[in-house]
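S.K.: let's see this in three dimensions:
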Amino acid sequence: MDRQETMGVFLSVVEEGDFSAAARRLRMTPSAVSKIIGRLESRLGVRLLQRSTRRISLTAEGSSYADSARRILNDIKEAEIAVQPGAEPRGRLRVSLPSAFGHRLIVPMLPAFIDRYPAIELELMFTDAIVDLLAEETDVAVRVAAQSDSRLVMRRLAPNHRVICASAQYLEKHGVPMTPGDLQHHTCLGITSRGGLNIWEFDGPDGPQSMRIRSPIEANSKEALRRLALAGVGIIRMSEILVGPDIRIGRLTALLTGYNHHDGPPICAVYPPGRILSPRVRVFVDFLAEQFANPPWLRSAP
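M.R.: Residues are numbered from 1 along each chain as shown. Predicted coordinates for the structure are as follows:
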């Protein structure tokens, strides 16, 4: 039995949880499966599985080997698919999306993707946390954050222009700020526990300025802040992609437009490196780049 087959047997044991179930799945005898695992552990010089009368469990070395084996076998499978003429991308694609951008921007794009690639099964995970793609076995993530993991491949999708805005209701009641300093006398809505995002920076006639927003109202959700601004609660600084439709139809008014508000980190797709890029990941990232080149959010949004 070659190493690829041995890895497959090992992963079957891990996934089934015992030798007998793995043997039934593989159409082998339990003793044959046990011998293969034993020879694998002897060759590697480490124990991969903890055996008990009820169930097996992974050792730390076994967990690491299982992660590597899954990636290797998946690379082999993807390599075979990639060279088949006219092969249709298929299989499950796990995608990590930031909450506000994911719901408002990416989700409206997906019906077209699903229609184009019906054999791909999408699994969407919404979180504003930076997910470890390798540890979480996630295929691709869309991020609006500085890329700090050098292990990942990054493809820029769009710039992230920031805008400061408020509703007409708020401005009628509290007045229109004309300079960055005027914001000290207004209710500015901040991001919870994201100190860097609560420092608003400007370039204008008087040179660079910055001010830390100390708001009586904070949220860890950009969509919540947008809805509060729409309701007249306060002023927000947010990506133009998120609030642009509201500004274009007059639900929000852009403020301090004579100042440069400093762009945020670009919107990017990131994915683990590999000698062969999964067809599922490739077509998904290409699709996102196509959509961002002709952005659907230029239309009005709810």
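S.K.: direction included, what does the lowest-mean-pLDDT helix or strand in the chain pair up with?
M.R.: Lowest on mean pLDDT, DSSP states H and E among the helices and strands of the chain sits strand 207-212, with a mean of 80. Paired with strand 207-212 in the same sheet, following DSSP bridges, are strand 199-204 (antiparallel).
S.K.: buried sites along the partner strand?
M.R.: Residues of strand 199-204 classed as buried: 200, 202 (neighbour count, 16 or more other Cβ atoms under 10 Å). In short, each C-beta sits where N, CA and C put it, glycine included.
S.K.: now stretch 216-230
M.R.: 218-219, 222-226, 228-230.
S.K.: in helices, which of those residues fall?
M.R.: 222-226, 228-230 (DSSP state H).
S.K.: next, the buried residues of the helix ranked longest in the chain.
M.R.: Longest helix of the chain, by residue count under DSSP H: helix 60-82. By 16+ other Cβ under 10 Å, the buried positions in helix 60-82 come out as 62, 65-66, 69, 74, 78, 81.
S.K.: on that earlier part again, now the ones in helices among the buried residues of stretch 216-230 in CSV, with pLDDT?
M.R.: Formatted as CSV, these follow (pLDDT from 0 to 100):
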residue, pLDDT
222, 87
223, 89
224, 91
225, 93
226, 94
228, 96
229, 96
230, 97
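S.K.: show me which pair in those is furthest apart.
M.R.: Comparing all pairs in those by Cβ to Cβ, the longest separation belongs to 222 and 230, at 12.6 Å.
S.K.: need the pLDDT of residue 12.
M.R.: In the predicted model, residue 12 carries a pLDDT score of 93.
S.K.: please, which helix or strand holds it?
M.R.: helix 3-16 (DSSP states H and E).
S.K.: and for residue 138?
M.R.: Judged by DSSP H and E, residue 138 forms part of no helix or strand.
S.K.: just checking, it touches residue 131?
M.R.: Yes. Counting by Cβ atoms under 8 Å, residue 138 touches residue 131, with 5.8 Å between them.
S.K.: ok, those two, which is more surrounded?
M.R.: residue 138 (19 against 16; other Cβ atoms under 10 Å).
S.K.: thanks again, I'm all set now.
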